[in-house]
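Participant: with the input below, show me the fold.
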Amino acid sequence: MIKTIPKRLFVVNVIISSVYTIAIFSAIYASMLVPKDLSQAALMSSGIINGISTILLTLFIDPKASVLADRVMKKQCDYIYLKSYSLTMISSKFLGTILSQLLFIPAAYYVAWFAKWI
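Facilitator: Numbering: from 1, shown residues only. Take a look at the predicted model:
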């Protein structure tokens, strides 16, 4: 079953999940790092970050799941591949959440820098 795990998709989903997880929290923390007049700009950036994460999820992750499910339904592929894909997505979301804890503070400083820049 280890051979059926899509490794590149696993890594991409870990990164996208970590960005998706920290978007709101890093924007809130960044609003405390910037001067009062820029705090609204920092808070509003969470929507942009979540939007980018959603687009990346839609472009890179969802089509793979749809194609794989379709192939399994047409009996072109074994069910084990869909099962390992599901396990990959669950474990990569979990690891993405853990990775987000490491990226939280640097992301907040990046959002604060971006809010000052605009």
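Participant: count of neighbours near residue 21?
Facilitator: Other residues near residue 21 come to 20 when the count uses other Cβ atoms under 10 Å. C-beta coordinates here come from the backbone N, C-alpha and C atoms, glycine included.
Participant: can you pull the contacts of it?
Facilitator: Neighbouring residues of residue 21 by Cβ atoms under 8 Å, 6 or more residues apart in numbering: 96-97, 100.
Participant: where does the protein have low pLDDT?
Facilitator: The chain contains residues with pLDDT under 70 at 1.
Participant: can you show me the helices along it?
Facilitator: All helices of the chain, identified by DSSP state H, fall at 7-33, 39-56, 62-73, 79-117.
Participant: one step back: of the contacts of residue 21, closest to residue 50?
Facilitator: Nearest to residue 50 among the contacts of residue 21, counting by Cβ to Cβ, is residue 100 at 13.0 Å.
Participant: dump the residue contacts of residue 34.
Facilitator: By Cβ under 8 Å, 6+ apart, the contact list for residue 34 reads 41-42, 112, 115-116.
Participant: quick one on the thing from earlier: and the contacts of residue 21, which are buried?
Facilitator: Burial of the contacts of residue 21 was assessed by neighbour count (16 or more other Cβ atoms under 10 Å); the buried members are 96, 100.
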